[in-house]
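A.B. asks: when you get a sec, could you give me coordinates for this:
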Amino acid sequence: MSVVLRRGLAALAFICCSSAFAAAYPTADELRTAIGVAAGVTRLDGLILHMEDARQAGVKLPLMAAGLNINTGVCQIYYNPAPEEGLTRFFEKVNQKDLPVWLNAIAVHEATHCIEQREVYIRGRFDKVLPPDVARDGMTLKGYLGVVKSGAVETWGEALADIASVLYLKRAAPDQWLSFAQAIIAMRHSLAARWPSHDTSLWLKNLIAEREDTSPQQSCFEAAFRLRRLLRPQ
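C.D. replies: Presented below is the predicted three-dimensional model:
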């Protein structure tokens, strides 16, 4: 069974570059390529990604959604190339040359949710996943599900995924990662009124200010777990 499907980072795309070289709406091939890149990143952490066309699977969320299969330990990522009105406007402002990097970052963001779900639902590492202000003594899976349903850890989970995607960008686009990160911050902040639980801008501002280098050999996901706690807004 899949734990939960999470919508991707698609909204970040509208922050990008000049429409003179605007990208078309992502195709199925482009989305599969991006998920393939993310699969290479997660493989180092022992997580296998499986991709499927959302339209065929009956998944309605646009662009990308992901969830961990508890029985197999595989991260299921659904991709949806069917244009969605709001996202179409976003992608019209993406520079074509930057599109692959953005899609890769979105796929890494989605895969990060599976990484976190694995820590909880398969490994039972509540101490690693829960925020410091949530009681963890005697925590059970049922108790954790109650915390999730309360909404208390939604921003916490989005922060992990955004941090991991920025760490990926630092390695994949070292000359551009800062502008990409600033674009994500601007997007998260500008949409805070609409999606307040997804506003991770303060975490990412702290990440930029920290300028901490991580070893190329270190998992960006493990680094994200550590940095999420270290950079938590006060």
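A.B. asks: you'd agree residue 161 is up against residue 107?
C.D. replies: No: using C-beta atoms under 8 Å, residue 161 makes no contact with residue 107, being 10.9 Å away. (Each C-beta comes from the backbone N, C-alpha and C, glycine too.)
A.B. asks: more crowded one of the two?
C.D. replies: residue 107 (31 against 28; other C-beta atoms under 10 Å).
A.B. asks: doesn't that one lie inside a helix?
C.D. replies: Yes: according to DSSP: H, G, I helix; E, B strand; the rest coil, the state of residue 107 is that of a helix.
A.B. asks: from residue 45, how far out is residue 201?
C.D. replies: From residue 201 across to residue 45, the span is 26 Å (C-beta to C-beta, to the nearest Å).
A.B. asks: hang on, I meant residue 207
C.D. replies: 20 Å.
A.B. asks: okay, those two: which has more neighbours?
C.D. replies: Per other C-beta under 10 Å, whichever of residue 207 and residue 45 has more neighbours is residue 207, with 24 against 14.
A.B. asks: so that one is in which element?
C.D. replies: Assigned by DSSP states H and E, residue 207 falls within helix 201-210.
A.B. asks: mean confidence score for that helix?
C.D. replies: Averaging pLDDT along helix 201-210 yields 92.
A.B. asks: what's the mean pLDDT across the next helix or strand after that helix?
C.D. replies: Next along the chain after helix 201-210, taking DSSP H and E as the criterion, comes helix 220-230. Mean pLDDT, helix 220-230: 95.
A.B. asks: buried ones in helix 220-230, by neighbour count?
C.D. replies: For helix 220-230, a neighbour-count test (16 or more other C-beta atoms under 10 Å) marks 220-221, 223-225, 227-228 as buried.
A.B. asks: how about stretch 185-198?
C.D. replies: Under 16+ other C-beta under 10 Å, the buried positions of stretch 185-198 are 185, 187-188, 191, 198.
A.B. asks: helices - which of those land there?
C.D. replies: Counted as lying in helices by DSSP state H, out of those, are 185, 187-188.
A.B. asks: pipe those residues into CSV and attach distance to residue 150 per row.
C.D. replies: Shown next, in CSV, are those (distance: C-beta to C-beta, whole Å):
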residue, distance to residue 150
185, 27
187, 26
188, 22
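A.B. asks: could you check the pLDDT of the residue nearest in space to the middle of the chain?
C.D. replies: With distances taken as C-alpha atoms, centre = their mean, residue 109 lies nearest the centre of the chain, 1.8 Å away. At residue 109, the model reports a pLDDT of 96.
A.B. asks: separation between it and residue 66?
C.D. replies: To residue 66, residue 109 is 9 Å away according to C-beta to C-beta.
A.B. asks: quick one: mean pLDDT for stretch 189-198?
C.D. replies: Mean pLDDT, computed over stretch 189-198, is 79.
A.B. asks: just the C-alphas of it, formatted as CSV.
C.D. replies: Presented in CSV, the C-alpha positions along stretch 189-198 are these (Å, rounded to 0.1, in the frame of the first residue of the first chain):
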residue,chain,number,x,y,z
HIS,A,189,7.0,33.2,0.4
SER,A,190,4.7,34.6,-2.3
LEU,A,191,2.4,31.6,-2.0
ALA,A,192,2.4,31.6,1.8
ALA,A,193,-1.1,33.1,2.1
ARG,A,194,-2.5,30.3,-0.2
TRP,A,195,-0.4,27.4,1.2
PRO,A,196,1.0,28.5,4.6
SER,A,197,2.0,25.0,5.6
HIS,A,198,4.4,24.9,2.6
